[in-house]
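Asks: Show me the folded form of this:
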Amino acid sequence: MSKAPAADEHHGIVLFDGVCNFCCWSVQFIIARDPKGWFRFASQQSAAGQSLLAFAGLPPGTADTFVLIEDKAIFTRSAAALKVAARLNWPWRLCGVFWLLPQGIRDWAYRLLSRNRYRWFGQKDTCWVPTPEIARRFLD
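Replies: The predicted model follows:
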């Protein structure tokens, strides 16, 4: 497997839908619970995000799929969310118990949220402006 563009083997990269309120809130949630700064982020709509989606073998219009690239492996949907949770502060690591559910059930719940995220949480008209320290964690 080739190395991901802009990948850093010392960080996981989260690809998220940059116009989805829930997705952007999720990024802020991860940042607040990742004090070691393991995760880096890229909006799927950005040039870096598009390049990483291509690396992952996902089509450019994949904004409905949460993606994690970690240690040159690609995780999507519920697997990506659970891998992220496993690296967060306590008690969020407890979400690992959901690995016990069959992937089909986990991904069904994920797809339900994904299909309705704009309706339930809305879309962003403007971008969140992070502090300079947090901005360094975004690829672009």
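
Asks: The protein: strands as residue ranges?
Replies: Here the chain has its strands, by DSSP state E, at 12-16, 39-43, 67-70, 73-76.

Asks: For the ones you listed, state which one has the densest average packing.
Replies: Among the strands of the chain, ranked by average contacts under mean count of other C-beta atoms under 10 Å, first place goes to strand 12-16 (a mean of 26). For the C-beta atoms, the positions are set from N, CA and C on the backbone; glycine is no exception.

Asks: do you know how far Arg115 is from Pro35?
Replies: Distance, Arg115 to Pro35, using C-beta to C-beta, to the nearest Å: 33 Å.

Asks: For Glu133, find the nearest of the strands of the chain.
Replies: Among those, the nearest to Glu133 by C-beta to C-beta is strand 39-43 (13.3 Å).

Asks: That closest one versus strand 12-16: what angle between them?
Replies: Strand 39-43 and strand 12-16 are oriented at 30 degrees to each other (axes from the mean of the first three to the mean of the last three C-alpha atoms, to 10 degrees).

Asks: how far is the helix or strand of the chain with the lowest mean pLDDT from where the chain is centred?
Replies: Every helix and strand of the chain was ranked by mean pLDDT, DSSP states H and E. The lowest is helix 132-135, at a mean of 86. In terms of C-alpha atoms, centre = their mean, to the nearest Å, the gap separating the centre of helix 132-135 from the centre of its chain is 18 Å.

Asks: For it, name the packing helices and strands.
Replies: Based on contacts counted as 3 or more C-beta pairs under 8 Å, 6 or more residues apart in numbering; DSSP states H and E, there is no element that helix 132-135 packs against.

Asks: Please enumerate the helices of this structure.
Replies: Using DSSP state H, the helices of the chain run over 21-32, 47-55, 77-87, 103-121, 132-135.
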